[in-house]
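Undergrad: okay, predicted coordinates and the sequence, questions at the end:
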Amino acid sequence: MEEALASYRQALRLQPDSIEAYHSVGQALVDLGRHAEVSQWWLSALRNAPNDGARIRNLLAMPPIVQTVDHLRCHRRRLEEGLSYLEDVHLNIDDPLIEINTTNFYTAYHGLNERSIQARLAALLLRAAPSLAYVAPHCRERSPAGTPLRVGFLSSFLHMHTIGEVNLGFIRNLSRQACRVILLQPPGPDDPIARLIRESADAVVTLTPALAAARAEIAAQRLDVLFYPDIGMEPFSYFLAFARLAPVQCVTWGHPMTTGIPTLDYYLSSDLLEPPGADEHYTERLVRLRNLPTYYYAPAFFPPAKTRRDFGLDDGEHLYLCSQAPFKVHPDFDGFLGDILRGDPRGRVLFIRGQDPNWTHQLVRRFQRTLPREVERIQFLPHQGGQAYLHLLNVCDALLDTTHFGGGNTAFKAFAVGAPIVTLPAAFARGNVTSACYRKMGVLDCIASDRADYVRIALRLANDRPWRDDMCGRIRSARGVLFENPEVLRELEQFFALAVSAL
């Protein structure tokens, strides 16, 4: 990344008014954790290459790894003050995908209600870029009764990715008497899941990665329902979602935070995920399904079993694995780790390195400050894919769910191999996937009531082998309810039909 940063700076020396190069330098500084330089950089960009997109990109520059809760609050305050300032400024953006090309991704991991910020940001963008508010002509009409609904699935991640794994079952198994499934995606990876998803759809539309062209291509499909598995993870689907491209438009938990976008009619969630009062967390109308919103295929677990030595781990230690991305590790979670390591002298906490090595370095730097006596017993393992990851889950004593924003896909994989996870339910659905799975299975012993209880459960899993074995057996006996559940297909079909008929 340092070499990339040097190259971007050289590009600016060659072309001092290049917005693209300014964007690249700014993003590199964010990724490197040099956030103190980011605001000054964007002020320089605005002086040398005035552009309203740069103002918003500066506004949304948020560190992936926050060092303290005060650090988090400082960046949120900067975001809210920036919104207030720009709300009173005339902005003109022709193409937000080119001029902004980012989303408000990282605030989802702060553990707070994002509804107000998301709604204000969406309103600001609509005012700055009125072209976002496109309406497909067919949305003023109604499809003939008695024909299958034309349902479009739109995502950039329908391949070997969490989004692909969580949504493959819907695309393959929705009733073709009820729905005609149309896959809408920009050019992307060609991997086994991507191919299976494409083969499962009734039609595949490869979208031009430009807003105006993609809107026209989607409008030509004359959809009844446009289903976004994720919004907010990348800019293409986020900015497309401002358009009315189907009479019914809905989003679900791929990036589990409200969009704030007025054209999104429904947010599909579950009774199992949502705490009381959750309607206040969304600008969309919240739909609480009885089941978790996925038809998930249990991953196959192949022998021969790997041992700890295959991963370079010690048989004599108690292993606590937290397999979440580094940006999910909220500063509040450091105290949980410290309590576990102080309570178990033989304990070692394992993480998996982030896709950006700078994230790992920044998290280690934080642990060196917050857990100076315990940090030597925190270890980062290389990325583990496929079967290696499942075997790693199997050799650890306890899996640790992060607070505020917990595991999703990782929870399904852990329960598929019968591995117990310690979890603490959160104030928002994004922290409740693991506890929702446990409640669906009727296995409640590893759902903590508070931090002390979380630590107690983790220590017991690692130190009380008979109890851990009993937990593993109970999970294996009950896990079938989590996988390939036809009830959720019928719920989704019924929702689509009711939403269209209510127009």
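TA: Received it, and whenever you're ready, just let me know what you need.

Undergrad: where in the stretch 401-503 of the chain is pLDDT low?
TA: The stretch 401-503 of the chain contains no residues with pLDDT under 70.

Undergrad: that one: strands as residue ranges?
TA: 421-422 (DSSP state E, counting those that start in this stretch).

Undergrad: the helices in it, which residues?
TA: With DSSP state H, counting those that start in this stretch as the criterion, the stretch 401-503 of the chain has helices at 409-416, 433-441, 451-463, 465-478, 486-501.

Undergrad: pretty sure L319 sits in a strand.
TA: Yes. Counting by DSSP: H, G, I helix; E, B strand; the rest coil, L319 is located in a strand.

Undergrad: and the helices in the stretch 101-250 of the chain?
TA: 115-128, 162-173, 192-200, 211-219, 235-240.

Undergrad: what about the last one, average pLDDT?
TA: Spelled out, it's helix 235-240. On average, the pLDDT along helix 235-240 is 98.

Undergrad: show residues contacting it.
TA: With CB atoms under 8 Å, 6 or more residues apart in numbering as the test, helix 235-240 has contacts from 96-97, 100-103, 132, 154-156, 186, 209, 211, 214-215, 218, 228, 230-232, 259. Glycine gets a C-beta too; all of them are placed from N, C-alpha and C.

Undergrad: so which of these are in strands?
TA: Of the contacts of helix 235-240, the ones assigned to strands by DSSP state E are 154, 228.

Undergrad: just the buried subset of the contacts of helix 235-240, written out for ChimeraX, thanks.
TA: In ChimeraX, a selection of the buried entries from these looks like this (16 or more other CB atoms under 10 Å):
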select :96,97,100,101,102,103,132,154,155,156,186,211,214,215,218,228,230,231,232,259
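
Undergrad: for V204, which of the helices of the stretch 401-503 of the chain is the nearest?
TA: helix 486-501 (19.7 Å; CB to CB).

Undergrad: can you list the buried residues in that closest one?
TA: Within helix 486-501, judged by 16+ other CB under 10 Å, the buried ones are 488-489, 491-493, 495-496, 499-500.

Undergrad: what does the lengthiest helix in the chain rub up against?
TA: Using DSSP state H, we find that the single longest helix of the chain is helix 69-86. By CB under 8 Å, 6+ apart, the list of residues contacting helix 69-86 from outside reads 35, 39, 55-56, 58-60, 62-63, 66, 104, 107, 110, 112, 117, 120-121, 124, 331-332.

Undergrad: quick one on the thing from earlier: so which of the helices of the stretch 101-250 of the chain is the most surrounded?
TA: helix 235-240 (a mean of 23; mean count of other CB atoms under 10 Å).

Undergrad: got the angle between the lowest-mean-pLDDT helix or strand in the chain and helix 69-86?
TA: Every helix and strand in the chain was compared by mean pLDDT, DSSP states H and E; the lowest is helix 38-48, with a mean of 75. Counting by axes from the mean of the first three to the mean of the last three CA atoms, to 10 degrees, helix 38-48 lies at 20 degrees to helix 69-86.

Undergrad: just checking, next helix/strand downstream of helix 38-48?
TA: Helices and strands here follow DSSP states H and E; after helix 38-48, the next one along the chain is helix 52-60.

Undergrad: any idea how far R288 is from G277?
TA: 12 Å (CB to CB, to the nearest Å).

Undergrad: tell me the domain ranges of this protein?
TA: What automatic domain parsing lists as the domains of the chain is 2-126, 137-297+485-501, 308-482.

Undergrad: which of the helices of the stretch 101-250 of the chain sits closest to V30?
TA: Nearest to V30 among those is helix 235-240; the distance by CB to CB comes to 15.0 Å.

Undergrad: what's the offset of that closest one from the middle of its chain?
TA: Distance, stretch centre to chain centre, for helix 235-240: 15 Å (CA atoms, centre = their mean, to the nearest Å).

Undergrad: just the C-alphas of that helix, formatted as CSV.
TA: C-alpha atoms of helix 235-240 as CSV (Å, rounded to 0.1, in the frame of the first residue of the first chain):
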residue,chain,number,x,y,z
PRO,A,235,-21.2,1.9,-4.7
PHE,A,236,-22.7,0.4,-7.8
SER,A,237,-25.7,-1.2,-6.2
TYR,A,238,-26.0,1.6,-3.6
PHE,A,239,-26.4,4.3,-6.3
LEU,A,240,-28.6,2.1,-8.5
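
Undergrad: looking at G277 and R288, which has the bigger crowd around it?
TA: R288 (15 against 8; other CB atoms under 10 Å).

Undergrad: the residue nearest to the more buried one when sequence neighbours are not counted and N291: what is the separation?
TA: Counting by CB to CB, 6 or more residues apart in numbering, R288 lies nearest to D271, which is 4.6 Å off, once chain neighbours are set aside. To N291, D271 is 9 Å away according to CB to CB.

Undergrad: so how far is stretch 272-282 off the chain centroid?
TA: So, by CA atoms, centre = their mean, the centroid of stretch 272-282 is 18 Å from its chain's centroid.

Undergrad: and that stretch, which residues are buried?
TA: 272-274, 278, 281-282.

Undergrad: of the residues you listed, which is the nearest to N432?
TA: L273 (4.9 Å).

Undergrad: what's the closest non-adjacent residue to the closest one?
TA: Closest to L273 by CB to CB, 6+ apart is A429, at 4.1 Å.

Undergrad: just checking, V66 touches D332?
TA: No. Using CB atoms under 8 Å, V66 is not in contact with D332; the gap is 10.5 Å.

Undergrad: compare the two (neighbour count), which wins?
TA: V66 (24 against 14).

Undergrad: give me phi/psi at that one?
TA: Dihedral angles of V66 (phi, psi; degrees, to the nearest 10) stand at phi -90, psi 140.

Undergrad: got a list of what it touches?
TA: 72, 75, 110, 330-331.

Undergrad: okay, now G354: neighbour count?
TA: 22.

Undergrad: figure out the helix or strand that it lives in.
TA: Applying DSSP H and E, one finds G354 in no helix or strand.

Undergrad: leaving out sequence neighbours, find the closest residue to it.
TA: Excluding the flanking residues, the one nearest G354 by CB to CB, 6+ apart is P326, at 4.2 Å.

Undergrad: neighbour-wise, which of D271 and N291 wins?
TA: Comparing D271 with N291 by neighbour count (other CB under 10 Å), the higher total belongs to N291, at 21 against 13.

Undergrad: okay, the helices of the stretch 101-250 of the chain in a markdown table with distance to I457 next?
TA: Listed next are the helices of the stretch 101-250 of the chain as a markdown table, based on distance: least, CB to CB, whole Å:
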| stretch | distance to I457 |
| --- | --- |
| helix 115-128 | 32 |
| helix 162-173 | 26 |
| helix 192-200 | 34 |
| helix 211-219 | 47 |
| helix 235-240 | 38 |
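
Undergrad: was I right to think F351 contacts H383?
TA: No. Using CB under 8 Å, F351 makes no contact with H383, being 11.2 Å away.

Undergrad: H281 contacts A108, doesn't it?
TA: No. Contact status for H281 versus A108: not in contact, 11.4 Å apart, counting by CB under 8 Å.

Undergrad: that older thread, so which bits of the longest helix of the chain are buried?
TA: 72, 75-76, 78-79, 82-83, 86.

Undergrad: between the residues you listed, which is closest to L371?
TA: L72 (18.0 Å).
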